[in-house]
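Peer 1: structure, please.
(one chain, ligands or ions: 1)
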Amino acid sequence: MARVDVHSAKGSFRTPIVLASGPAGFGCDLARALDFRRIGALTTKTITHEPREGNPQPRIVDAPCGALNSIGLENPGVARFRSEVMPKIRALPTARIVSIAGRSADEVGKVAGALEGEPGVDWLELNLSCPNVRGETVADRPDAVSEYVRAVRAASSRPLLAKLSAGGGLVALADAALRAGADGLTLVNAVRGLRIDVETGKALLARATGGLCGPAILPIALAAVYEARRAFPEAFLVGTGGVVTARDAVEMLCAGANLVGVGFGVMADPAAVFGLAEGLERWLDARGVADVAEVVGAAHRGGWRVP
Ligand code: SIN
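Peer 2: Take a look at the predicted model:
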């Protein structure tokens, strides 16, 4: 069997398939039916300092080849996360990436600081790019990215991923995050989108726009990962966006991702997501590839089967 374990300077993962922040919640419902040893990590829903109710309903609608969501970072706040959620997810047999966000650098620093002594927090993912919270998307300004990452870095010794959105200026934003102390990047967040009810002429989501996820954004995520890998050959990259099948995951790895995040797929068919690592192994075995590392970044080297 091909090796699918992934190793970085900051930690190891049993498989490259990780649950992206959002659809899996805190993993507790999935853990009743599915074996977390089959995934590399659970990324939690994003946690803020204070609890948040999120955006008004409706906040999820269908979209061609995906879905549009506007959850608005609903979460119990870091204190209840620690007392109620961490004891449950600490027991899961996989790595835990805790997603955090805030309205200021000071707030994200406080959230990271509150998690510093918490056993079972293997990585932090700083969500700088949620498209559904007014005035909080800092991922389009390198100075803000830098300020937020520095605040987390000062408060936390955990390995840190900075989650950015697709779009212009990605390399400058990624550079700001890495220089400020991020150990890697998660690319990409949901892409801003809109759907309208033609019978009423009104937006379908209560807050009008939302984040588009699902297969519709796979090529966008692939391009962002490819661009980041080209600019930062040594960076640790989590490629997220539109991956549903093992074949999609291979594409993401070839573009340069070390890990592959799956979000929409969890809403569509969680059992299939937990089978992706096996699908990846079969894909590698069928082609005589001994180690998944051989395909990472292959698109930058003229393909994985270079003569
Ligand atoms: C949300 O809570 O609105 C989604 C999270 C995200 O896209 O960052």
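Peer 1: residue numbers of the stretch 201-307 of the chain in contact with the ligand?
Peer 2: residue 211 (CB under 6 Å from any ligand atom). Just so you know, the C-beta spots here come from the backbone N, C-alpha and C atoms, and that holds for glycine as well.
Peer 1: hey, where'd the strands end up in the stretch 201-307 of the chain?
Peer 2: With DSSP state E, counting those that start in this stretch, the ranges of strands along the stretch 201-307 of the chain come out as 202-203, 209-213, 236-240, 259-262.
Peer 1: same check on the stretch 1-150 of the chain?
Peer 2: For the stretch 1-150 of the chain, the strands defined by DSSP E, counting those that start in this stretch cover 6-8, 11-13, 17-19, 41-43, 60-63, 66-69, 95-100, 123-127.
Peer 1: could I get those strands as CSV with mean neighbour count, distance to the ligand and mean pLDDT?
Peer 2: CSV is the format used below for the strands of the stretch 1-150 of the chain (neighbours: other CB atoms under 10 Å; distance: least, CB to the nearest ligand atom, whole Å; pLDDT from 0 to 100):
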stretch, mean neighbour count, distance to the ligand, mean pLDDT
strand 6-8, 16, 23, 97
strand 11-13, 17, 21, 97
strand 17-19, 28, 14, 98
strand 41-43, 27, 11, 98
strand 60-63, 16, 10, 97
strand 66-69, 25, 6, 97
strand 95-100, 26, 8, 98
strand 123-127, 29, 5, 98
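Peer 1: any chance of the ones you listed in TSV, plus distance to residue 78?
Peer 2: TSV is the format used below for the strands of the stretch 1-150 of the chain (distance: least, CB to CB, whole Å):
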stretch	distance to residue 78
strand 6-8	26
strand 11-13	22
strand 17-19	20
strand 41-43	16
strand 60-63	25
strand 66-69	23
strand 95-100	8
strand 123-127	12
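Peer 1: how much space between residue 176 and residue 142?
Peer 2: Using CB to CB, to the nearest Å, residue 176 is found at 4 Å from residue 142.
Peer 1: thinking again about what came up before, most tightly surrounded among the strands of the stretch 201-307 of the chain?
Peer 2: strand 259-262 (a mean of 30; mean count of other CB atoms under 10 Å).
Peer 1: for residue 59, which non-adjacent residue is closest in space?
Peer 2: The shortest distance from residue 59 to any residue other than its chain neighbours is 4.6 Å, reached at residue 70 (CB to CB, 6 or more residues apart in numbering).
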